[in-house]
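Peer 1: using only what follows, build the 3D model:
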Amino acid sequence: MSSAPSTEQSTEQGTEHSTEQSVAAAGQGAGRRETVWALARSHRLLLGAGVLLGILGVVSTLLQPLVIGDLIEAAGLGQAIAGIIALLAALFVADAALSAGQAYLIGRAGENIVRDSRTFLTGRVLRADLARFQRERQGDVHTRLVADTSLVKIALSHSLAQLIINGLLVVGGIGLMIWIDVWLLLITVGCLGVASALSIWLARRLRVVAVEHRVDTGEFGADLQRVLGALTTVKASRAERREQHRLGELAEKARKSGIRATTYNALLSPTMNVGLQVSLAAVVGAGMARVATGSLSLADLTTFVMYLFYLVSPLVLFFLSIGQFQQGRAAIQRVDELAGLEQEEGSPSAPSAAAVTGPADAVEPAMGSAVAEVEPPAVEFRSVRFGYGERTDVKDVSFSVPARGLTALVGPSGAGKTTLFQLVERFYRPERGSVLLDGRDIAALPLDEVRGRVGYVQQDTTAMRGTVRENLVYANPDADEHEVAEAIELAGLTDVVAGLPDGLETELGDQGSGLSGGQRQRLCIARALLQKPAVLLFDEATSNLDSDAEAVFRRTLRRVSRHCAVIAIAHRISSVVDADRIVVLEDGGVRAVGRHAQLMADDELYRRLAGAQLDFRDQEEPQAREVLVG
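Peer 2: The predicted model follows:
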């Protein structure tokens, strides 16, 4: 027992390295079925130590009936029994201590396996190819990460150890029963054989049903997350009853498969118990008859019966462990499927703070330096074509964005504006053509560099649970107070932060609840500015801002665009009317490129969009421009 901590410590110290090797093996095509097992093998020393203590406990247990037989024989002959009783007590204590040590080490190894599995799978999910990941149901992914990994622990630690230890106990007990009396053993095996065969069949059926139950549970979790993610829409649509009914049906489906799994699992123990009880009755009857004839001593019969009693628990646990292991294998199968998610090309194996702040540091000198005489475009599309499935959303798009200034993308819904942003961020790969960042094809650049140089403010203003500060520095965790204050001021958040109860340390709820829609949007803008990127992408970044906040933000755009490229998608023409370049998109292609006055004169679609959206007349444009220029 004294060696257990050192064994664990050495195992813990090697966990990180072993896990990285397992991840690398998986990435090199080791196969889905090997992923979880590779993670478990990294804890083989701790598991082995636990199994070793279990084996020693088996030896202690198997010696007990022999010593009790000697005690009966010695008492019958009137010999001293104090030494035998002391030995028996020592065996009892050793058995208890070894059992406790084995349970601790195996349990600790199981928790380590769960941690490594969840850490590894989280990395696979976070770095998954976006198009592939979006085909998964998020609730089912959550179930696999949380519930299935817990069952993996049971399969790879507790059940596996119990199979080994109880299997050895059964084998050792049968061997000693052969040594005592082979005929009584044949009676025992004959009675237990039928029960064992039936138990094995039940265990196999249990695994099939367990897979069905895990799938049904995953479907319920996925649909529940769908509803919770749109709870306000559900309430506004008065769909509570319908959704409750739908979720109830999925819960009922999971209940039925769970009951089937419970039924097979519940039959395992009684099946073995009946076999053991019949065996015990037959052995006692045949044994007492032989004792009466003098062919078997009472001490030997007592020892044999004790071994039979000692086999009851190990046999039951052995077959129960088979059932648990089969359920765990079902979970392992689902976990390995998740581990097989396709990964983004060029995705880093382990992100670091340097990976986040490195690109920003590289851009920082350019923020205050003069523009070089010859500077490649910040972003360039060259004959880009892309579509989701069979639908083509971007058709032969070609245009460039200068390294400084504001470029606006306008067009009707479905024109492909957001898709172009997602191609710049390399969430997706073009089917044809190329996207260049600073004159280099982003397909050949590391993802860290691409996303470190490109800031993205999404239309849905994603904020997370946590403090305002944690949300602000999410893309640049090492930002200092001066940088944070500057980003807050540029985004127009100064008064908002000052009015919060705990300032930057104010806790926000899920999806940034605690701030209004416009405040969350400005928070996301500040987060992107704090990243100090070379290119800033704004996808409808002013959609939740009132007119005053929009005017402030337009001035912010102009200031920021003097130092880097700003690309803005806007349905409000008023927010981009003063852009240096406006790209008009229609049906996934570029229709026209120019400035506001030029497009108003030459492009009918732009005139129609402007006429429908501008909230001021031509004679008011000089004053509007004065506000924009600041």
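Peer 1: give me the below-cutoff pLDDT ranges for the stretch 351-500 of the chain.
Peer 2: The stretch 351-500 of the chain contains residues with pLDDT under 70 at 351-374, 460-461.
Peer 1: what segments of it are helices?
Peer 2: 353-368, 417-424, 447-453, 468-472, 481-490, 494-499 (DSSP state H, counting those that start in this stretch).
Peer 1: can you check the stretch 501-630 of the chain too?
Peer 2: 517-530, 547-561, 596-602, 604-613, 621-629.
Peer 1: again with the stretch 51-200 of the chain
Peer 2: Per DSSP H, counting those that start in this stretch, the stretch 51-200 of the chain carries helices over the ranges 82-126, 130-133, 138-143, 149-153, 160-180, 182-229.
Peer 1: from residue 225, how far out is the residue nearest to the spatial centre of the chain?
Peer 2: Centroid-nearest residue in the chain: residue 122, 3.5 Å away (criterion: Cα atoms, centre = their mean). Look at residue 122 and residue 225: by Cβ to Cβ, to the nearest Å, they are 17 Å apart. The C-beta positions use only the backbone N, C-alpha and C, and glycine is treated the same way.
Peer 1: and for residue 88?
Peer 2: According to Cβ to Cβ, residue 88 and residue 225 sit 57 Å apart.
Peer 1: could you do residue 162 as well?
Peer 2: With Cβ to Cβ as the criterion, residue 162 and residue 225 are 35 Å apart.
Peer 1: of those two, which one has the most company?
Peer 2: Neighbours per residue (other Cβ atoms under 10 Å) separate residue 162 from residue 225, with residue 162 holding more: 22 against 17.
Peer 1: what about the nearest residue to that one once chain neighbours are set aside, neighbour count?
Peer 2: Excluding the flanking residues, the one nearest residue 162 by Cβ to Cβ, 6 or more residues apart in numbering is residue 321, at 4.0 Å. Burial of residue 321, expressed as a neighbour count using other Cβ under 10 Å, amounts to 26.
Peer 1: contacts only, for residue 321.
Peer 2: 158-160, 162-163, 166 (Cβ atoms under 8 Å, 6 or more residues apart in numbering).
Peer 1: same thing with residue 491?
Peer 2: Neighbouring residues of residue 491 by Cβ under 8 Å, 6+ apart: 522-523, 525-526, 529, 553, 556.
Peer 1: which pair of those spans the longest distance?
Peer 2: Greatest spacing in the contacts of residue 491, by Cβ to Cβ: 523 and 556 (13.7 Å).
Peer 1: what's the distance between residue 517 and residue 385?
Peer 2: Counting by Cβ to Cβ, the separation of residue 517 from residue 385 is 35 Å.
Peer 1: what about those two, which has more around it?
Peer 2: Remark: of residue 517 and residue 385, residue 385 carries more neighbours, 16 against 12, as counted by other Cβ under 10 Å.
Peer 1: spatially nearest residue to the more buried one (excluding sequence neighbours)?
Peer 2: Of all residues not flanking residue 385 in the chain, residue 432 sits nearest, at 4.1 Å (Cβ to Cβ, 6+ apart).
Peer 1: relative to residue 386, how far out is the one you found?
Peer 2: For residue 432, the distance to residue 386 equals 8 Å [Cβ to Cβ].
Peer 1: between those two, who's got more neighbours?
Peer 2: More crowded of residue 432 and residue 386, by other Cβ under 10 Å: residue 386, with 22 against 12.
Peer 1: neighbours of residue 518, just the number please.
Peer 2: Residues lying near residue 518 (other Cβ under 10 Å) number 19.
Peer 1: same check, this time on residue 85
Peer 2: Neighbour count for residue 85, taken as other Cβ under 10 Å: 13.
Peer 1: ranking the contacts of residue 321 by neighbours, who comes first?
Peer 2: That'd be residue 159 among those, by other Cβ under 10 Å, with 25 neighbours.
Peer 1: verify the stated contact: it with residue 329.
Peer 2: No. Counting by Cβ atoms under 8 Å, residue 159 does not reach residue 329; the two are 9.4 Å apart.
Peer 1: let me have the contacts of residue 491 in JSON lines, extended by distance to residue 149.
Peer 2: Formatted as JSON lines, the contacts of residue 491 follow (distance: Cβ to Cβ, whole Å):
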{"residue": "522", "distance to residue 149": "38"}
{"residue": "523", "distance to residue 149": "33"}
{"residue": "525", "distance to residue 149": "37"}
{"residue": "526", "distance to residue 149": "36"}
{"residue": "529", "distance to residue 149": "38"}
{"residue": "553", "distance to residue 149": "44"}
{"residue": "556", "distance to residue 149": "45"}
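Peer 1: make JSON lines from the residues you listed and add neighbour count, distance to residue 390 and pLDDT to it.
Peer 2: Shown next, in JSON lines, are these (neighbours: other Cβ atoms under 10 Å; distance: Cβ to Cβ, whole Å; pLDDT from 0 to 100):
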{"residue": "522", "neighbour count": "28", "distance to residue 390": "39", "pLDDT": "81"}
{"residue": "523", "neighbour count": "25", "distance to residue 390": "38", "pLDDT": "85"}
{"residue": "525", "neighbour count": "27", "distance to residue 390": "36", "pLDDT": "82"}
{"residue": "526", "neighbour count": "27", "distance to residue 390": "40", "pLDDT": "85"}
{"residue": "529", "neighbour count": "25", "distance to residue 390": "39", "pLDDT": "85"}
{"residue": "553", "neighbour count": "23", "distance to residue 390": "38", "pLDDT": "68"}
{"residue": "556", "neighbour count": "20", "distance to residue 390": "41", "pLDDT": "70"}
